[in-house]
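1. A predicted structure for the sequence below; I have some questions about it.
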Amino acid sequence: GAGGLEAAINWLTEHQDDPDIDVEPGPDQQVCVPADDAAAAAAGGEEGGGGGAKSLKCMDCGALLKDMVVAELHASKTGHANFEESTEAIKPLSPEEKAKKIEELKAKIAARRAAREEEEKVDHVAREKQRRFMGKEMLKTKEELDAQQRKRDAYLRKKEKEDEKNERERLRALLARDKAERAANKGKLGSKLGVDGYAPAIDNVTPYGATPAPAPGTTTTTGAEEAKAEAKEDVPPAEKVDKCIGLISRHRTGGDGGVALKTLLAYTKNIVEKPEEAKFRTINMENNAFKKRVAGIAGGVALLKAVGFVQEVGEDGGNKLVLPEDCDRGFLLETRAKLEAAFAAFQPL
């Protein structure tokens with residue numbers, strides 16, 4: 001009857017998303033209709049014979065509804081809420097109409113499922129496009145970073161080659177100047193080597209470099225003349241030490257300045273750490289290693305004298321440097337720190 005159809009329609013509506021909704025039941029299978037719906041349908045059939053309310057009418061759209069279950073379903077779908085009892089009976093559907101109604105419902109369910117599958121397919125295509133786009137963007141970014149890195153590496157290699165070329169040209173110019181000086185002095189350099197060390201013609205210097213050239217019309221002292229001038233003037237020992245370190249640090253060719261700084265650092269370190277050892281307070285100036293490492297470098301012997309060493313003549317007639325026992329050990333500590341800093345900053349050629 002109409003109640004069974006309504007129950008079937010309700011069941012189809014509730015189970016429209018089931019995966020086996022389109023599978024035809026076998027000969028030993030039945031479509032189960034909820035007991036509440038069957039009871040409601042039976043009750044509706046019984047009420048149909050009386051003269052009371054035979055249906056519910058939606059006052060919003062005028063639709064006739066069999067019972068409250070169908071009315072609630074109608075309200076959930078349409079949002080209508082105004083229902084009244086009606087004495088108008090719902091015309092029973094013929095078997096053909098029932099079959100047609102069920103097919104229509106199945107068609108709607110199939111259409112909804114197809115639409116949902118199509119949406120999922122479109123979403124999948126969109127996600128795949130986005131994934132490929134992001135992959136291309138990441139690859140493009142990586143290629144750009146690699147290109148920038150290659151440019152930086154090429155620039156650094158080019159700069160390194162230019163620096164090496166400039167350094168070679170500077171050394172060639174230095175060698176050419178020394179060669180010209182030897183040629184002008186019959187195979188000898190114009191500078192001399194004495195007991196006070198190598199005394200080249202160098203302008204006034206700061207602790208770690210040269211000062212600007214003197215103004216025109218002024219005179220400067222160089223080499224041994226500068227040492228004599230300092231001996232006459234009351235120059236603070238700390239200033240003398242700074243000036244000597246600056247002179248020594250200028251001997252970059254072959255690393256001679258670094259060797260001198262390291263040797264002087266060893267002298268001061270031994271005296272500071274082992275003041276009771278008298279052997280560390282005496283330096284033999286006739287020693288070949290001392291002549292080569294310290295005396296042969298401008299400012300080497302002068303620095304030792306600035307920290308308190310006094311030049312004396314030994315019993316064998318040789319020169320030596322002696323540090324008195326009452327020397328200023330605090331000043332020696334300061335000098336050691338300056339030598340450590342200069343040695344760390346020294347860059348040989």
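-> Received the coordinates, thanks. Residues are numbered from 1 along each chain as shown.

2. hang on, isn't V272 packed against E334?
-> No: V272 is beyond contact range of E334, at 10.4 Å (criterion: CB atoms under 8 Å). C-betas here are computed from N, CA, C, even on glycine.

3. which residues make contact with the helix or strand encompassing E312 from outside it?
-> For E312, the host element (DSSP states H and E) is strand 310-313. Outside of strand 310-313, the residues within contact range by CB atoms under 8 Å, 6 or more residues apart in numbering are 195, 285, 305, 319-324.

4. Are there helices or strands packed against the helix ranked longest in the chain, and which ones?
-> Using DSSP state H, we find that the single longest helix of the chain is helix 95-184. On a contact count with 3 or more CB pairs under 8 Å, 6 or more residues apart in numbering; DSSP states H and E, helix 95-184 meets helix 2-14.

5. The helix it packs on - what's its average pLDDT?
-> Mean pLDDT, computed over helix 2-14, is 60.

6. Ok, stretch 131-145 next?
-> For stretch 131-145, the per-residue pLDDT averages 94.

7. same question, stretch 277-287
-> On average, stretch 277-287 scores 89.

8. Which positions within it qualify as buried?
-> By 16 or more other CB atoms under 10 Å, the buried positions in stretch 277-287 come out as 280-281, 283, 285.

9. distance between the ends of it?
-> Distance between the two ends of stretch 277-287: 20 Å, counting by CA to CA, to the nearest Å.

10. so how far is it from its chain's centroid?
-> Counting by CA atoms, centre = their mean, to the nearest Å, stretch 277-287 is centred 54 Å from the centre of its parent chain.

11. What of stretch 306-317?
-> 59 Å.

12. quick one: buried residues of that stretch?
-> 306-309.

13. pull the CA atoms of it into CSV?
-> The C-alpha coordinates for stretch 306-317 follow below in CSV (Å, rounded to 0.1, in the frame of the first residue of the first chain):
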residue,chain,number,x,y,z
ALA,A,306,113.6,49.4,26.0
VAL,A,307,112.4,46.7,28.5
GLY,A,308,115.6,47.1,30.6
PHE,A,309,118.4,45.1,29.1
VAL,A,310,121.8,46.8,29.3
GLN,A,311,124.6,46.1,26.8
GLU,A,312,127.9,45.0,28.4
VAL,A,313,131.2,43.5,27.4
GLY,A,314,131.8,40.0,28.7
GLU,A,315,135.0,38.4,30.0
ASP,A,316,135.7,36.9,26.6
GLY,A,317,135.4,40.4,25.0
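
14. Brilliant, that's me finished.
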